[in-house]
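Participant: how would this look folded up:
(chains A and B)
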Amino acid sequence: MKKLALFAIIVLIFGTMSPSLVNHAYGQNDPSILLRIAVQAEKQIVNQLDKKYENQIPNNINILYDKGHRAVKSLDQSLSNNDIEKAKQDFLLAMNSFMQISRIMSQSSEKVVVTISENSTQNLQSKIDRIEKYVKTLESISQKHNKIDQNKDQFTKAYSLIKEIRYQINSNENPYDNINELNNLMNSIKKEIRNSIAEKQSNSIKNFFEKFLAQIDEKLMEAKDLDRDQIRIDKANELILEIRELLSKNQINDAKKVYSELKVVLKDIGISVRIT
Amino acid sequence: MSLLIEPIQSKKSLGDEGILFVRNDSIFDTMVKLPLLVASMIVVAALMPIQSSFSSPRDLDLIIYADGSTHVSTEIDVDPFLTDYEVNLFGNTIDNLVVIGDDGFLLDVDVIGDTALIQTFGSSVVTIEYDIHDLVSKQGRLWTFSLDSPSDFTLLLPKNSAIVGMTNLPLNMEIINEQNQLTLSSGSTEIDYFFSTNSISTPIEEIKNEEDNFLYAITGGIIAIVLVSIVIFVRNKQKDVKTIDEVVTIQKNNILDLETIFKLKPDLREDDKELVKFIFDNNGEALESELRKNFLQPRTTMWRAVKRLEREGVIEIEKKDLQNLVKLRKNMEEDN
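Facilitator: Purely as a prediction, here's the structure:
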């Protein structure tokens, strides 16, 4: 028994330690990545400086660039020496210097948070990329519930619209009618998926409510024994009855609404809602 | 040998001289209850992942599109005993929001500002997908991505983008469809990038350094030692007990058939039914670890599923060699 116990302790200690070892290993997966990113950033900064200032680079930018350039060289050296901690410091110093340069160069322009209303080709393409991802998400839900045959025509239409919209964007035609049609189609697919799995989902919710309400019943009894506010307890009991009635009629959404009311009353009584 | 702690003041055998003499090899047994210590460690080790898992994203993946909009995809462990769960979104300009429960159900969600109230109703894992327009800003030609992330995350940058500044150390970087994908640690991150007409990104080659190999070797070594020890221990144990076949034959006669179980418990979830089927096919019992391996489920997810089945009265859990042995209940009919 003693041997087994000691063995279990050793296993547990290593078991607890091993995830942190693996995480650490992942963090150091490929330190040369740091150099690649820094070198890429430096090249990009040199390009931007050449374009904007040619040979008349302001002094403050020059100082920052020298700092960044030295840090990249030092990063290369640190990696050759296998000094990972120093390499990390060099990387952050280099990237910070290049970040400052790029921000100084962009200072004259107004800062904007990217909004949905811009309608350039780039934005429209991104919009379609996003909608396509949304279509794929809904398709995978439909597949999971074996409802893909029911929605097959709609998904085929959605993909064909996406193809058409992409063509319109590339040939500078107006794609908005098709985009609206696609949005409406997506709403309709989402609604159909909801309806087709509604029965299965409501059984699962009913089952959950059943256990949940039984627990609340018990807690209300306890609250009664503790002489808590009787009016509120009565109100809670009424709401529970109402929820049970709605569930028996399969009116899940209404039951959820009444449950929201019940939660407030329970909170007032001092009952925390959680089943065990 | 008794492992009970006996208070030193109650010992009668200290002798007339009052000299305390304790044998070296029994110090450990006298001072601590070894099984108790082991049990405590098991409990701590089992609870740690559960405590840290609720409400923290298991996965967080972001994709930045060319117009600066970002697709967020995250999977969060939630408490299956709560009816709803509030999650902070990364902003309030949200599009294409989809929230999926662990049965693949579309969950109802109310979004108020940057907060989403999800009606989970028993789901233990929720997947949230949405597009957001708050994470990237643009000044001149410079684009800046900013996020204070609650967990490590991956970030797929748009095509032809070139990073010119960042405030966080990347954990990894790879090229996916000519796009840079960074893996970043939790906390505040800012990344500046330009769009470059002549992309200077180059695919990253797989480099495995010696340090990695060393760590993998250590981890592999530990796993090998543990496995060999378990095999030796189990073999020794089996000498003293009946063969598994004998036990199984005796038990299977008392277990209800699958059809009856599902009739008695019509509300079982589909994935739970699969578990029951597996246990049934496995002669009515299976270790929780076997279930995890077979269904490729994380420890916490399987633990919750097993607990759910236990609450339903379909299975009972026994301890066997410090593991959970999940057995189909024999007297289910009596409960109904």
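Participant: A:Y167 - how many residues pack around it?
Facilitator: 12 (other C-beta atoms under 10 Å in any protein chain shown). Placement of C-beta: from N, CA and C, glycine included.
Participant: Tell me how chain A divides into domains.
Facilitator: A:28-106, A:121-196, A:199-269 (automatic domain parsing).
Participant: Export those domains to a markdown table and append columns for mean pLDDT and distance to B:I279.
Facilitator: Formatted as a markdown table, the domains of chain A follow (pLDDT from 0 to 100; distance: least, C-beta to C-beta, whole Å):
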| stretch | mean pLDDT | distance to B:I279 |
| --- | --- | --- |
| domain A:28-106 | 89 | 39 |
| domain A:121-196 | 88 | 23 |
| domain A:199-269 | 87 | 21 |
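Participant: Out of the ones you listed, indicate the one that is most buried.
Facilitator: Burial of these is given as mean neighbour count (mean count of other C-beta atoms under 10 Å in any protein chain shown); domain A:28-106 ranks first at a mean of 18.
Participant: is any part of it close to chain B?
Facilitator: Yes - using C-beta under 8 Å from any C-beta of the partner chain, domain A:28-106 reaches chain B at A:28-34, A:36-37, A:40-41, A:43-45, A:47-48, A:88, A:91-92, A:95-96, A:98-103, A:105-106.
Participant: rounded to a whole number, what's the mean pLDDT of stretch B:222-235?
Facilitator: Averaged over stretch B:222-235, pLDDT sits at 76.
Participant: What are the buried residues along that stretch?
Facilitator: Neighbour-count burial for stretch B:222-235, counted by 16 or more other C-beta atoms under 10 Å in any protein chain shown, picks out B:I222.
Participant: can I get the CA coordinates of it in CSV?
Facilitator: Extracted in CSV, the C-alpha atoms of stretch B:222-235 (Å, rounded to 0.1, in the frame of the first residue of the first chain):
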residue,chain,number,x,y,z
ILE,B,222,7.8,10.0,-17.9
ILE,B,223,4.8,8.6,-19.8
ALA,B,224,6.7,5.4,-20.7
ILE,B,225,7.7,4.9,-17.0
VAL,B,226,4.2,5.5,-15.8
LEU,B,227,2.7,3.1,-18.4
VAL,B,228,5.2,0.3,-17.6
SER,B,229,4.5,0.7,-13.9
ILE,B,230,0.7,0.6,-14.4
VAL,B,231,1.0,-2.5,-16.5
ILE,B,232,3.2,-4.2,-13.8
PHE,B,233,0.8,-3.1,-11.1
VAL,B,234,-2.3,-4.3,-13.0
ARG,B,235,-0.7,-7.7,-13.8
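Participant: hang on, the earlier thing: could I get the domains of chain A as CSV with distance to B:T189?
Facilitator: Converted to CSV, the domains of chain A look like this (distance: least, C-beta to C-beta, whole Å):
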stretch, distance to B:T189
domain A:28-106, 12
domain A:121-196, 21
domain A:199-269, 37
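Participant: B:D131 is nearest to which of these?
Facilitator: Evaluated over the domains of chain A, closeness to B:D131 peaks at domain A:121-196, with 4.9 Å, by C-beta to C-beta.
Participant: How much space separates the nearest residue to B:F105 once chain neighbours are set aside from A:N195?
Facilitator: Distance criterion C-beta to C-beta, 6 or more residues apart in numbering or on different chains; nearest residue to B:F105, sequence neighbours excluded, is A:Q201 at 4.8 Å. The gap separating A:Q201 from A:N195 is 10 Å, by C-beta to C-beta, to the nearest Å.
Participant: Would you map the helices across chain A?
Facilitator: Using DSSP state H, the helices of chain A run over residues A:2-27, A:32-53, A:59-80, A:84-106, A:121-144, A:148-170, A:176-196, A:198-225, A:230-248, A:252-269.
Participant: For the last one, what is the distance to the chain centroid?
Facilitator: Okay, so that is helix A:252-269. In terms of C-alpha atoms, centre = their mean, to the nearest Å, the centre of helix A:252-269 is found 29 Å from the chain centre.
Participant: next one: the longest one
Facilitator: With C-alpha atoms, centre = their mean as the basis, helix A:198-225 stands 31 Å off its chain's centre.
Participant: Can you tell me what sits against stretch A:155-169?
Facilitator: A:121, A:124-125, A:128, A:131-132, A:135, A:139, A:142, A:148, A:173-175, A:178-179, A:181-182, A:185-186, A:189 (C-beta atoms under 8 Å, 6 or more residues apart in numbering or on different chains).
Participant: Tell me the backbone dihedrals of A:I271, please.
Facilitator: phi -110, psi 130 (degrees, to the nearest 10).
Participant: how close does the nearest residue to it once chain neighbours are set aside get to B:E310?
Facilitator: Excluding the flanking residues, the one nearest A:I271 by C-beta to C-beta, 6+ apart is A:K219, at 4.9 Å. Between A:K219 and B:E310 the computed distance is 22 Å (C-beta to C-beta).
Participant: Determine the three-state secondary structure at the residue of chain B found nearest chain A.
Facilitator: Closest residue of chain B to chain A, C-beta to the nearest C-beta: B:G165 (2.5 Å). Here B:G165 is recorded as strand under DSSP: H, G, I helix; E, B strand; the rest coil.
Participant: May I have the beta-bridge partners of it?
Facilitator: B:D192 (DSSP bridges).
Participant: burial count for it?
Facilitator: 24.
Participant: Got the phi and psi for the nearest residue to B:N180 once chain neighbours are set aside?
Facilitator: Once flanking residues are discounted, B:N180 sits nearest to B:L157: 4.7 Å by C-beta to C-beta, 6+ apart. Here is the backbone geometry of B:L157 (degrees, to the nearest 10): phi -80, psi 160.
Participant: who are the neighbours in contact with B:L157?
Facilitator: B:I64, B:I163, B:Q179, B:N180, B:Q181, B:L182, B:I191, B:Y193.
Participant: Also B:F194?
Facilitator: Counted by C-beta under 8 Å, 6+ apart, B:F194 has contacts A:Q44, A:Q48, A:S102, B:R141, B:L142, B:W143, B:S161, B:A162, B:V164.
Participant: Can you add distance to B:I218 and give those back as JSON lines?
Facilitator: Listed next are those as JSON lines, based on distance: C-beta to C-beta, whole Å:
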{"residue": "A:Q44", "distance to B:I218": "39"}
{"residue": "A:Q48", "distance to B:I218": "45"}
{"residue": "A:S102", "distance to B:I218": "42"}
{"residue": "B:R141", "distance to B:I218": "47"}
{"residue": "B:L142", "distance to B:I218": "44"}
{"residue": "B:W143", "distance to B:I218": "42"}
{"residue": "B:S161", "distance to B:I218": "38"}
{"residue": "B:A162", "distance to B:I218": "38"}
{"residue": "B:V164", "distance to B:I218": "38"}
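Participant: Okay then, goodbye and thanks.
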